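*Asks:* Just to be clear, the model below is a prediction. Sequence and coordinates:
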Amino acid sequence: MAVRPRRSALYMPASNPRAVEKARALDCDVVILDLEDAVAPDVKADARAAAVAAVAAGGFGRRELVVRANGIDTPWGFDDLAALAAARPDAVLVPKVDDGAAVARHAAALAGAAPLWVMIETARSIFRLEEIAAALADAGPGGGFVLGTNDLAKEMGARPGTLRAPFQGMLGMAVAAARAHGLVVLDGVFNAIDDDAGFAEQCAQAVEFGFDGKTLIHPRQIAACNAAFTPDADAVAWARAIVAAFADPANAAKGAIRVEGRMVERLHLAQAERDLAVAEWAAAG
Ligand SMILES: CC(C)(COP(=O)(O)OP(=O)(O)OC[C@H]1O[C@@H](n2cnc3c(N)ncnc32)[C@H](O)[C@@H]1OP(=O)(O)O)[C@@H](O)C(=O)NCCC(=O)NCCSC(=O)C[C@H](O)C(=O)O
Ligand SMILES: [Mg+2]
């Protein structure tokens, strides 16, 4: 099983050369160069050129490099997608997608040059999660969902606290839709940069929901996010015990076995192998 951990995905404005340079040495798994909300209208073209140059220059090591374009219906979106189709980052993220038709239009503009990720951040998209996920799977391999909880709060008029009561059903449904179609799924950002306790609490909630990782806005958030999404020593020991038990020839023909007093099935073996792969990735970092 090939596992590509995406525990931490750090956004930065593509128009901020200092941040982009710093990202080449930060311990995040994904770097997202933003052309959308973090970039002012009068510097959109410069930011696009900077993102294309950053993709061409490389130097991001094992970090995945994703560029968030402007939506195709904005004055910049089509040119962004054309430039990114030529530049070929590891994925292109597009904002404010409402339905499967919008996914298809962005995918057509990208013409298969890079995996397509979409922001789940409009009220309409919540009622079409499965349709959007299916359209992404149709568009090609490596598709993904990224939650945009700031825009969602704005559209809904919601005031979510740290544990985001207004969103909880939607977060779970987004993860389920993504998993149903084999997509990457990343949680939204936590705006209170200096609130370490609140951030840790929200990361733990994101792990509970089954997200692959969380999107971040500041380097200060990376270490805690990686820690939350990396299996701890107990989880690693438990995963090793499961793998060892199923590797025992005495259990070769069994679907369910007893390990350290607990019932374990082969579905737990897949989870254990994933946990070990993430732990190995973290250790190699
Ligand atoms: C939020 C910020 C504007 C804060 O900036 P600032 O106060 O200037 O940061 P610091 O002084 O604390 O910075 C310390 C050093 O760290 C570097 N830095 C800061 N942020 C980043 C970053 N994101 N990536 C890389 N490096 C970063 C600074 O350059 C300093 O370095 P040094 O010079 O060596 O001291 C700022 O953090 C920021 O711009 N964050 C990202 C904003 C962004 O991209 N927003 C768009 C995505 S979020 C979103 O839209 C969510 C979604 O769509 C939704 O709807 O929810
Ligand atoms: Mg947004």
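*Replies:* Arrived safely, thanks for sending. Ligands and ions are numbered 1, 2, ... in the order given.

*Asks:* contacts, neighbours, all on C-alpha from now
*Replies:* Fine.

*Asks:* Quick check: which element contains residue 31?
*Replies:* In this assignment (DSSP states H and E), residue 31 forms part of strand 30-34.

*Asks:* how about the residue nearest the centre of the chain, secondary structure?
*Replies:* Closest to where the C-alpha atoms of the chain average out (CA atoms, centre = their mean) is residue 186, at 3.1 Å. Assigned state for residue 186: strand (three-state reduction, DSSP: H, G, I helix; E, B strand; the rest coil).

*Asks:* Next: residue 73.
*Replies:* Here residue 73 is coil, with the state taken from three-state DSSP.

*Asks:* how about the helices in the stretch 1-150 of the chain?
*Replies:* Along the stretch 1-150 of the chain, counting by DSSP state H, counting those that start in this stretch, helices occupy 17-23, 44-57, 77-87, 100-110, 123-126, 129-139, 149-156.

*Asks:* Export only the CA atoms of the longest helix seen in the chain, formatted as PDB.
*Replies:* Determined from DSSP state H, the single longest helix within the chain is helix 266-284. The C-alpha trace of helix 266-284 is given here as PDB (Å, rounded to 0.1, in the frame of the first residue of the first chain):
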ATOM      1  CA  ARG A 266      -8.000  -7.700   8.500                       C
ATOM      2  CA  LEU A 267      -9.500  -4.200   8.200                       C
ATOM      3  CA  HIS A 268      -7.400  -3.300  11.200                       C
ATOM      4  CA  LEU A 269      -4.400  -4.600   9.400                       C
ATOM      5  CA  ALA A 270      -4.800  -2.100   6.700                       C
ATOM      6  CA  GLN A 271      -5.200   0.700   9.300                       C
ATOM      7  CA  ALA A 272      -2.100  -0.600  11.100                       C
ATOM      8  CA  GLU A 273       0.000  -0.600   7.900                       C
ATOM      9  CA  ARG A 274      -1.100   3.000   7.200                       C
ATOM     10  CA  ASP A 275      -0.200   4.100  10.700                       C
ATOM     11  CA  LEU A 276       3.300   2.500  10.400                       C
ATOM     12  CA  ALA A 277       3.800   4.200   7.000                       C
ATOM     13  CA  VAL A 278       2.900   7.600   8.500                       C
ATOM     14  CA  ALA A 279       5.200   7.000  11.500                       C
ATOM     15  CA  GLU A 280       8.100   6.000   9.200                       C
ATOM     16  CA  TRP A 281       7.500   9.100   7.100                       C
ATOM     17  CA  ALA A 282       7.600  11.300  10.200                       C
ATOM     18  CA  ALA A 283      10.800   9.600  11.400                       C
ATOM     19  CA  ALA A 284      12.500  10.100   8.100                       C
END
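
*Asks:* Can you name every helix or strand that it contacts?
*Replies:* Packing partners of helix 266-284 (3 or more CA pairs under 8 Å, 6 or more residues apart in numbering; DSSP states H and E): helix 233-247.

*Asks:* Same question for whatever helix or strand comes next after the helix it packs on: list its buried residues.
*Replies:* Using DSSP H and E, the next helix or strand after helix 233-247 towards the C-terminus is strand 256-259. Across strand 256-259, burial judged by 16 or more other CA atoms under 10 Å covers residue 257.
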